[in-house]
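kindly generate the corresponding structure for this input.
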Amino acid sequence: DLHSFPTRRSSDLHIVVRKLDFEGNHALSSDVLAASISTTVSSFFARWGPVRWIGLGEKRYLDETELQRDVLRLQVLYRRSGFLEAQIDTLVSRTTQDGFITFKIEEGEPVRVTELAIRGLDSLTEKQREAVAEDLPMREGHPFNRAVLQAVVDTVARRIRNFGYPAVDVFREFTADSASYSAKIALNVVPGPFMKIGEVTVEGTRRVDTSVVRSLLVARPNRPYSDNELITSQLNLYRSDLFDLAAVSVDTAAWNLESGTVPLRVRVAEALPHRVRASLGYLYGDRKSVV
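Predicted coordinates:
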């Protein structure tokens, strides 16, 4: 119970955290652990012996209550990462002014993924199904990490969208057995309809003709929908130097799943005239004299 911890002692207000270390962590890096807790170490100049007496650098002070809560934070992090038996302890050396903190960690044996199934890919080709399942962030034999599982879900959904299924849903289910240190995962995919790019609306042009904008797009009418092609189209607009701002996105207000097409909305803000002239000279090469 977090509320059962003692209140911060007044003496802690004057104890500067000069060192913060982690020992025994192998599965999770010290940077990840440090980002997950409240206690932070003072800046370099406030820690380095030869100059810290001058008072340089930002000082961070020891809070005993937060330190005890940090133990719980790390235990939760380890449990979500598949290490259900992880033990966290603290070693604090202190003087009247300085505190030196070490988190001592015994990770224990992780729960590992023994099965990862992806269902509902019947509408994809065999090659596409292989591409969806290739090199996922978590595979059989990996520790069962719930954050990484979400990354797997996001990766599968993105890959399927790139094959022309913009309305895909991926539902996850899993069972974890702490006795056998094993976990089984199933991803149930509902791909939705296969769709192509439909009407492309261009907004924000003044000097640049909309045909120039459309020529820079990879995502064009009658091509299968792809997240990657929307991103590449946006990058092409930026790289042309014709625009200070560019956004290529699905026009959700006009999108109808039953239509079979995905309308796109392209919004741009043109660069200054002299930048446009330079860009056109770059884009069209031997036609630069026409600009």
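
all the strands of the protein, residue numbers only.
Taking DSSP state E, the strands of the chain run over residues 16-23, 87-94, 98-106, 112-119, 169-177, 182-190, 196-203, 243-250, 261-270.

what's the mean pLDDT across the fourth one?
Same thing as strand 112-119. Per-region confidence: strand 112-119 scores 96 on mean pLDDT.

what count of nearby residues applies to residue 234?
Residue 234 has 21 neighbouring residues, counting by other Cβ atoms under 10 Å. C-beta coordinates here come from the backbone N, C-alpha and C atoms, glycine included.

show me where this protein has helices.
Using DSSP state H, the helices of the chain run over 30-35, 44-47, 49-52, 64-80, 126-133, 146-161, 210-215, 227-239, 273-284.

which residues touch the first one?
It stands for helix 30-35. 20, 21, 22, 25, 40, 74, 77, 103 (Cβ atoms under 8 Å, 6 or more residues apart in numbering).

tell me the mean pLDDT over that helix?
95.

chain center to it, what's the gap?
16 Å (Cα atoms, centre = their mean, to the nearest Å).

tell me the buried residues in that helix?
For helix 30-35, burial by neighbour count (16 or more other Cβ atoms under 10 Å) applies to 33, 34.

please apply the same query to the fifth one.
Of the residues in helix 126-133, those with enough neighbours to count as buried (16+ other Cβ under 10 Å) are 128, 129, 132, 133.

okay if I get the residues you listed as a markdown table plus pLDDT and distance to residue 91?
Listed next are the buried residues of helix 126-133 as a markdown table, based on pLDDT from 0 to 100; distance: Cβ to Cβ, whole Å:
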| residue | pLDDT | distance to residue 91 |
| --- | --- | --- |
| 128 | 97 | 53 |
| 129 | 97 | 51 |
| 132 | 97 | 47 |
| 133 | 96 | 44 |
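
circling back: could you dump the helices of the chain to JSON lines with distance to residue 97?
As requested, the helices of the chain are exported to JSON lines (distance: least, Cβ to Cβ, whole Å):
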{"stretch": "helix 30-35", "distance to residue 97": "22"}
{"stretch": "helix 44-47", "distance to residue 97": "11"}
{"stretch": "helix 49-52", "distance to residue 97": "10"}
{"stretch": "helix 64-80", "distance to residue 97": "16"}
{"stretch": "helix 126-133", "distance to residue 97": "56"}
{"stretch": "helix 146-161", "distance to residue 97": "38"}
{"stretch": "helix 210-215", "distance to residue 97": "63"}
{"stretch": "helix 227-239", "distance to residue 97": "52"}
{"stretch": "helix 273-284", "distance to residue 97": "57"}
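
nearest to residue 110, out of those?
Comparison of those against residue 110 by Cβ to Cβ identifies helix 64-80 as nearest, at 9.0 Å.

give me the average confidence score over the closest one.
94.

helices or strands up against it?
Counting contacts by 3 or more Cβ pairs under 8 Å, 6 or more residues apart in numbering; DSSP states H and E, helix 64-80 packs against helix 30-35, strand 87-94, strand 98-106.

in JSON lines: the strands of the chain, plus distance to residue 70 and mean neighbour count.
Below are those laid out as JSON lines (distance: least, Cβ to Cβ, whole Å; neighbours: other Cβ atoms under 10 Å):
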{"stretch": "strand 16-23", "distance to residue 70": "10", "mean neighbour count": "18"}
{"stretch": "strand 87-94", "distance to residue 70": "8", "mean neighbour count": "14"}
{"stretch": "strand 98-106", "distance to residue 70": "8", "mean neighbour count": "19"}
{"stretch": "strand 112-119", "distance to residue 70": "27", "mean neighbour count": "16"}
{"stretch": "strand 169-177", "distance to residue 70": "25", "mean neighbour count": "14"}
{"stretch": "strand 182-190", "distance to residue 70": "27", "mean neighbour count": "18"}
{"stretch": "strand 196-203", "distance to residue 70": "49", "mean neighbour count": "16"}
{"stretch": "strand 243-250", "distance to residue 70": "41", "mean neighbour count": "17"}
{"stretch": "strand 261-270", "distance to residue 70": "45", "mean neighbour count": "20"}
